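Chemist: pasting the structure only:
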């Protein structure tokens, strides 16, 4: 497999393959595709356009975002770089929007995508609708797009050619099978604290509205929403949270020869069947999230499965509440009536519990 690394100098694409000693390409938790690399006796600049080809086909194109240049002792000059796909351009757009109830998630993505010219949105699905008006003030367009993708559990990716994808994040049919015959080394980890295989939604008045589980269901996560009364909506949210918890919970890293990787014909986002009994994985479907290339030894390191929970994810959950609640089907009249009655009851209880300060005039 022939890899070609090129950088745009303002007039032409300049080949940097000969000076590249390391490459790593992966999908970040935010949905951005990232390309990390290191050059010797050469350099790139922040803001330059960069692309990676495999056998003449462009598999990554984006913008150099970070550069780390160093020269230590008798070592050669080195330049490390980090590039993101063209989605990173939306990080510079600050938006003010008001999306009304019923607006599709895909409509929001398409609206924000129009901030950049030449973006193909033909692969943007509709998704669920807003359950209430959403006012956005002084927010970066990229953060809004990421929030929409996470709240609906959709992939948000910008592929070469500025083709924007907004598709359901689900495990599809396996594109390949990986077993011991092609694996040089393997590392598998599970975070049992975050790996939840059961989600329970408790709604108004403590009623259990949804109980979704996989396998044994022995690791439950309980979500309490006192304003939720619709069982179908609770089940939809539970399925999204179950999928997110699986992402957080496990990670598989595999090293193989370049020739074996080429024969697999897989790319980021593809589903593979993993058959590695030595680490406890027997015909398990996992998604390819990272590809690292070692040009010196002609090895590929692949990362499958989950991701670590970032601090920003945890804060979004604690401050913003349930990530799955913003989108879904519109509330029916009975549910709106029930929610209104619940709110009025809470107001009445709060007023009844108010305490008054009494001033007593008594002699010393």
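Modeler: Sure thing, it's come through. Being a predicted model, the structure only gives us computed values, none of them experimental.
Chemist: ok, and what's touching stretch 268-287?
Modeler: 25-27, 33, 155, 157, 171-180, 183, 186-188, 250, 252, 264, 266, 288-291, 304-305 (CB atoms under 8 Å, 6 or more residues apart in numbering). Just so you know, the C-beta spots here come from the backbone N, C-alpha and C atoms, and that holds for glycine as well.
Chemist: Quick one: distance of it to the chain centre.
Modeler: 20 Å (CA atoms, centre = their mean, to the nearest Å).
Chemist: Ok, stretch 150-163 next?
Modeler: 9 Å.
Chemist: The chain should start at 20 in everything you say after this.
Modeler: From this message on, residue numbering opens at 20, which makes the last subject stretch 169-182.
Chemist: quick check: mean pLDDT across it?
Modeler: Averaged across stretch 169-182, pLDDT comes to 86.
Chemist: Now the terminal residues of that stretch, how far apart.
Modeler: Stretch 169-182 has an end-to-end distance of 20 Å (CA to CA, to the nearest Å).
Chemist: Report the helix or strand with the lowest average pLDDT across the chain.
Modeler: The weakest-scoring helix or strand in the chain, judged by mean pLDDT, DSSP states H and E, is helix 330-339 (a mean of 44).
Chemist: Identify those among the contacts of stretch 287-306 that sit within helices.
Modeler: Per DSSP state H, helices hold the following members of these: residue 283.
Chemist: Just the buried ones among the contacts of stretch 287-306, please.
Modeler: In those, burial by neighbour count holds for 44-46, 52, 174, 176, 193, 195, 197, 202, 205, 207, 269, 271, 283, 285, 307-310, 323-324, counting by 16 or more other CB atoms under 10 Å.
Chemist: just the helices in the stretch 220-369 of the chain please.
Modeler: 250-268, 277-283, 330-339, 352-371 (DSSP state H, counting those that start in this stretch).
Chemist: Show residues contacting the second one.
Modeler: Among residues not part of helix 277-283, those counted as contacts by CB under 8 Å, 6+ apart are 20, 194-195, 197, 201, 291, 312, 317-319, 321.
Chemist: Could you dump those into a markdown table with distance to residue 125 and pLDDT added?
Modeler: Formatted as a markdown table, the contacts of helix 277-283 follow (distance: CB to CB, whole Å; pLDDT from 0 to 100):
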| residue | distance to residue 125 | pLDDT |
| --- | --- | --- |
| 20 | 35 | 61 |
| 194 | 25 | 87 |
| 195 | 30 | 92 |
| 197 | 33 | 95 |
| 201 | 38 | 94 |
| 291 | 28 | 89 |
| 312 | 34 | 80 |
| 317 | 41 | 80 |
| 318 | 39 | 86 |
| 319 | 34 | 88 |
| 321 | 31 | 91 |
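Chemist: Just among those, which is most surrounded?
Modeler: residue 197 (26 neighbours; other CB atoms under 10 Å).
Chemist: which ones among the contacts of stretch 287-306 are found in strands?
Modeler: Counting by DSSP state E, the members of the contacts of stretch 287-306 that fall within strands are 44-46, 52, 174, 176, 195-198, 205-207, 269, 271, 307-310, 323-324.
Chemist: Across the sheet, point out what pairs with residue 187.
Modeler: residue 173 (DSSP bridges).
Chemist: Next, count neighbours for it.
Modeler: By the criterion of other CB under 10 Å, residue 187 has 12 neighbours.
Chemist: same deal with residue 305?
Modeler: The burial count for residue 305: 23, using other CB under 10 Å.
Chemist: With adjacent residues omitted, what lies nearest to it?
Modeler: residue 323 (4.0 Å; CB to CB, 6 or more residues apart in numbering).
Chemist: okay, the one you found: pLDDT?
Modeler: On the pLDDT scale, residue 323 gets 87.
Chemist: give me every residue that touches it.
Modeler: 270-273, 291, 293, 305-308.
Chemist: mind listing what the one helix or strand residue 155 maps to pairs with, with the direction of each?
Modeler: Residue 155 belongs to strand 153-159 when assigned by DSSP states H and E. Strand pairing for strand 153-159, using DSSP bridges, gives strand 113-118 (antiparallel).
Chemist: Compute the inter-axis angle for the helix or strand just after the partner strand and strand 113-118.
Modeler: The helix or strand immediately downstream of strand 113-118 is helix 124-132, counting by DSSP H and E. When axes from the mean of the first three to the mean of the last three CA atoms, to 10 degrees is applied, the directions of helix 124-132 and strand 113-118 differ by 150 degrees.
Chemist: neighbouring contacts of helix 124-132?
Modeler: 109, 112, 114, 116, 118, 138, 140, 143-149, 160, 163-164, 167-168, 170-171, 173, 175, 183, 185, 346.
Chemist: can you list the weak-confidence ranges in the stretch 70-219 of the chain?
Modeler: The model of the stretch 70-219 of the chain has pLDDT under 70 over residues 188-191, 210-214.
Chemist: how about 80 then?
Modeler: Regions of the stretch 70-219 of the chain meeting the criterion pLDDT under 80 cover residues 93, 170, 172, 188-192, 209-216.
Chemist: any idea of the pLDDT on the residue lying closest to residue 194 once chain neighbours are set aside?
Modeler: Excluding its sequence neighbours, the residue lying closest to residue 194 (CB to CB, 6+ apart) is residue 289, at 4.4 Å. According to the prediction, residue 289 has pLDDT 82.
Chemist: Compute the number of surrounding residues for residue 289.
Modeler: Residues near residue 289, counting by other CB under 10 Å: 16.
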